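Enquirer: coords please:
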Amino acid sequence: MRLDLVSLLDMLVRIDSINPSLVPGGAGEANIARALAQLLTQQGVKVELDEAAPGRTSVIATVKGRGGGRALMLNAHLDTVGVSGMTAPFTPRIEHGRMYGRGTYDMKGALAACILALLSARGVDLRGDVILTAVADEEHASLGMQSVLTRVTADAAIVAEPTGLQLCTAHKGFTWHEITTHGRAAHGSRADLGVDAISHMGRVLVALEQLNRNLQQRAAHPLLGHASLHASLIDGGQELSSYPERCTLRLERRTLPGESVTQIEAELKDLLADLGAQDPTFQAELKLTLAREPFSTPPTAEISRHLLEQAERILGRAPAKVGQGFWMDAALIAASGIPTIVFGPDGSGAHATEEWVDLDSLRACTDILTATIRVFCA
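Expert: Okay, here's the model as predicted:
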């Protein structure tokens, strides 16, 4: 049975796969993983399910080559963000060459393209294997990708996140931190006893603003621009008539290739040490809560060259080379030693109330992935 791209995407969008780590009670990936596994098994493809946590299921599907060739991984994620504010998010509709619905753009459209590209490898007499990893939890903690990488490797990987048919070879990473300032609780009438933790955090905020300005003065990455940081969440104090004994700030630092977590923590610790040197009553502590490394693949990598050649032949133009500010599973794949690029369709509305993928670009993406497989795995 030959699968149609539009019908396949329609099927995928109709399956609720909201990430339960983002939306309590979300459906998770088990249902869509089972449906995809059944579909691929019916097509004669070897399928394994990988459950990183209860209900957090990924699919590993392989079309084996005859041996002696290079293996190529195609990667997409199964989970979506929530649907608050959307009307009929799981009922796809097509208007003016676009399919609308939750996940069409981020990234079930690209998943459909990867599925058809994988199936195209059957019966072509390739030497190398083609592997589809359709993973859980990319939108939160990447449990699926981390688990799958303990079972799968390849000679190169294409992550099919939407890029507007541009070649992405770099994206930013991020670190999350908590800063807590400590004061001394006292009645609001006892200025002689109280130490205001919130006022101390105000000094931290001013210093962080200056650090962010300094980041903009450093050399820019050719594809990603500058690193940045921002204050995300803050809370503190007990009640109106008390000096606050504690204030906690949560901040995010967006990172560039070449920046290390150690370096970033050192900058923040130095910032707090400087504030402490100015005021002996200033007390603060820093905690790293999460780090995700940036991603960069040399544009000279062989998988980049093959995809660019096939894309230019199919599109009639050379795709632009770009970087992305947001984080992707590409960083984990590359960190495992697999040369990785990102290439996917055009559209809009990731995490928004109106989401769509351009169907012509999705067809072109499928053709380019298919052609790249036949060259790389030949």
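Enquirer: going forward, measure contacts between C-alpha atoms and count neighbours the same way
Expert: OK.
Enquirer: Tell me which residue lies nearest the centroid of this protein.
Expert: By CA atoms, centre = their mean, the chain has its centre lying nearest to Met328, at 2.6 Å.
Enquirer: Distance-wise, check that one relative to Gly194.
Expert: As for Met328, its distance to Gly194 is 46 Å (criterion: CA to CA, to the nearest Å).
Enquirer: now do Leu268
Expert: 26 Å.
Enquirer: quick one, domains of this protein?
Expert: 5-171+295-376, 173-292 (automatic domain parsing).
Enquirer: Turn the ones you listed into JSON lines, including mean pLDDT.
Expert: Formatted as JSON lines, the domains of the chain follow (pLDDT from 0 to 100):
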{"stretch": "domain 5-171+295-376", "mean pLDDT": "97"}
{"stretch": "domain 173-292", "mean pLDDT": "96"}
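Enquirer: deepest of those domains, which one?
Expert: Comparing those by mean neighbour count (mean count of other CA atoms under 10 Å), domain 5-171+295-376 ranks first with a mean of 20.
Enquirer: Which neighbouring elements make contact with the helix or strand encompassing Gln38?
Expert: With secondary structure defined by DSSP states H and E, Gln38 is part of helix 30-42. Applying 3 or more CA pairs under 8 Å, 6 or more residues apart in numbering; DSSP states H and E, one finds that helix 30-42 contacts strand 46-53, strand 56-63.
Enquirer: and the last one, which strands flank it?
Expert: As defined by DSSP bridges, the strand partners of strand 56-63 come to strand 46-53 (antiparallel), strand 130-135 (antiparallel).
Enquirer: quick one: the first one to helix 30-42, angle?
Expert: For strand 46-53 against helix 30-42, the angle by axes from the mean of the first three to the mean of the last three CA atoms, to 10 degrees is 170 degrees.
Enquirer: Let the chain start at 561 from now.
Expert: Sure, I'll start counting at 561 from here, so that last one is strand 606-613.
Enquirer: Which residues does strand 606-613 contact?
Expert: Strand 606-613 is contacted from outside by 593, 597, 600-601, 617-623, 703-704, 707-708, using CA atoms under 8 Å, 6 or more residues apart in numbering.
Enquirer: from these, which is closest to Leu846?
Expert: Distance to Leu846, by CA to CA, is smallest for Leu703 among these, at 25.9 Å.
Enquirer: so the closest one touches Asp697, yeah?
Expert: Yes - judged on CA atoms under 8 Å, Leu703 makes contact with Asp697 at a distance of 5.7 Å.
Enquirer: Pull up the overlap in contacts between the two.
Expert: In contact with both Leu703 and Asp697: Arg616, using CA under 8 Å, 6+ apart.
Enquirer: Surely Val623 is in contact with Leu678?
Expert: Yes - if you go by CA under 8 Å, Val623 and Leu678 touch, sitting 7.0 Å apart.
Enquirer: what residues are shared contacts of those two?
Expert: 690-691.
Enquirer: and Ala717, helix, strand or coil?
Expert: strand (DSSP: H, G, I helix; E, B strand; the rest coil).
Enquirer: hmm, back to that, am I right that the residue nearest to the centre of the chain sits in a helix?
Expert: No - using three-state DSSP, the secondary structure at Met888 is coil, not a helix.
Enquirer: List the contacts of the nearest residue to Lys881 once chain neighbours are set aside.
Expert: Nearest non-adjacent residue to Lys881, counting by CA to CA, 6 or more residues apart in numbering: Leu727, 4.8 Å away. Leu727 makes contacts with 864, 868, 879-882, 901-903, as judged by CA under 8 Å, 6+ apart.
Enquirer: Mind checking which of these land in helices?
Expert: 864, 868 (DSSP state H).
Enquirer: Is it possible to get CSV of the contacts of Leu727 that adds distance to Ile928?
Expert: Output for the contacts of Leu727, formatted as CSV (distance: CA to CA, whole Å):
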residue, distance to Ile928
Ser864, 12
Leu868, 9
Pro879, 11
Ala880, 15
Lys881, 16
Val882, 17
Ile901, 13
Val902, 13
Phe903, 9
